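Peer 1: mind looking at a prediction? Sequence and model below.
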Amino acid sequence: MSTLSQDELKTLVGQAALKYVVPGEIVGVGTGSTVNKFIDALASIKDQIKGAVSSSVASTERLQALGIAVFDSNDIAELSVYIDGADEIDHQGYMIKGGGAALTREKIVAAQSRQFVCIADETKLVQCLGTFALPVEVIPMAAQRVKRQFEAMGGQVVLRLKNAVPLVTDNGQHILDVTGLKIADPLAFESLVNQWPGVVTVGVFAHQKAHICLLGSSSGVKTLSF
């Protein structure tokens, strides 16, 4: 059996996520290369849904280019499902997200959704979160103090750059990427960091964990339930 490329695995899980889309409703859509495959698949059933709430400018533009209506999250009370990728996911459905810098809006849309379906390839499944650099969106004036707090926990921290200057998120903020931490208790860790002044969002998704994970593997799509 030939081994599928990572791009092919992303296409498979993107298509598999369609069965979680509720006809006649608005779907929550995340951000990233795997989600782009889902958006492409979603276009094939766009006449069966009202539209989407998107977690980033990039996803909004892709949805609209394919003729899918995008709604403001403030105008929607609740979504039936949110479909998004992950940088890491553990066996409890806790995740690290934010490699694409959209973590704050992703967490907002996840919070207004009844079900979170994570789409990822099997390399993202881990025993303990923390190998992938943890993104933390911060208000710029707090960046150095937040950096010191992570360093006191044993982390190494870098300010994310784009074209040699600090990356600016869709929300006008900066991102710190933290390595060297093993996040054994994601719920407690997320609650702790969220309280630090100047932190907009930490990229641990424990309070907004995944309920389902569609995991692309060489043997097809595996479904994990949490």
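Peer 2: Perfect, I can see it now.
Peer 1: next, the contact list for the spatially most central residue of the chain, please.
Peer 2: Per C-alpha atoms, centre = their mean, the C-alpha nearest to the average position across the chain is that of residue 97, at 4.5 Å. Residue 97 sits next to 84-87, 103, 106-107, 135, 203, 205 when contact means C-beta atoms under 8 Å, 6 or more residues apart in numbering. (C-beta placed from N, C-alpha, C; glycine too.)
Peer 1: go with 6 Å
Peer 2: 86-87, 103, 106, 203, 205 (C-beta atoms under 6 Å, 6 or more residues apart in numbering).
Peer 1: and if you look at residue 165?
Peer 2: For residue 165, no contacting residues are found, by C-beta under 6 Å, 6+ apart.
Peer 1: so what are the domain limits for this protein?
Peer 2: Listed by automatic domain parsing, the domain ranges of the chain are 6-126+207-225, 134-203.
Peer 1: buried residues, the helix or strand bottoming out on mean pLDDT in the chain. List them.
Peer 2: Least confident helix or strand, the chain: helix 6-16 with a mean of 93, by mean pLDDT, DSSP states H and E. Using 16 or more other C-beta atoms under 10 Å as the test for burial, helix 6-16 gives 9-16.
Peer 1: tabulate these (a markdown table), appending distance to residue 65.
Peer 2: Formatted as a markdown table, the buried residues of helix 6-16 follow (distance: C-beta to C-beta, whole Å):
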| residue | distance to residue 65 |
| --- | --- |
| 9 | 24 |
| 10 | 19 |
| 11 | 18 |
| 12 | 23 |
| 13 | 22 |
| 14 | 16 |
| 15 | 19 |
| 16 | 23 |
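Peer 1: so, low pLDDT: which residues of this structure?
Peer 2: For the chain, the stretches with pLDDT under 70 are 1-2.
Peer 1: cutoff 80 now
Peer 2: Scanning the chain for pLDDT under 80 picks out 1-3.
Peer 1: where do the helices sit along it?
Peer 2: 6-16, 33-42, 57-65, 103-111, 143-152, 186-194 (DSSP state H).
Peer 1: TSV for those helices, including distance to residue 24?
Peer 2: Output for the helices of the chain, formatted as TSV (distance: least, C-beta to C-beta, whole Å):
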stretch	distance to residue 24
helix 6-16	20
helix 33-42	14
helix 57-65	17
helix 103-111	19
helix 143-152	43
helix 186-194	34
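Peer 1: out of those, which comes closest to residue 179?
Peer 2: With C-beta to C-beta, the closest approach to residue 179 among the helices of the chain belongs to helix 143-152: 9.6 Å.
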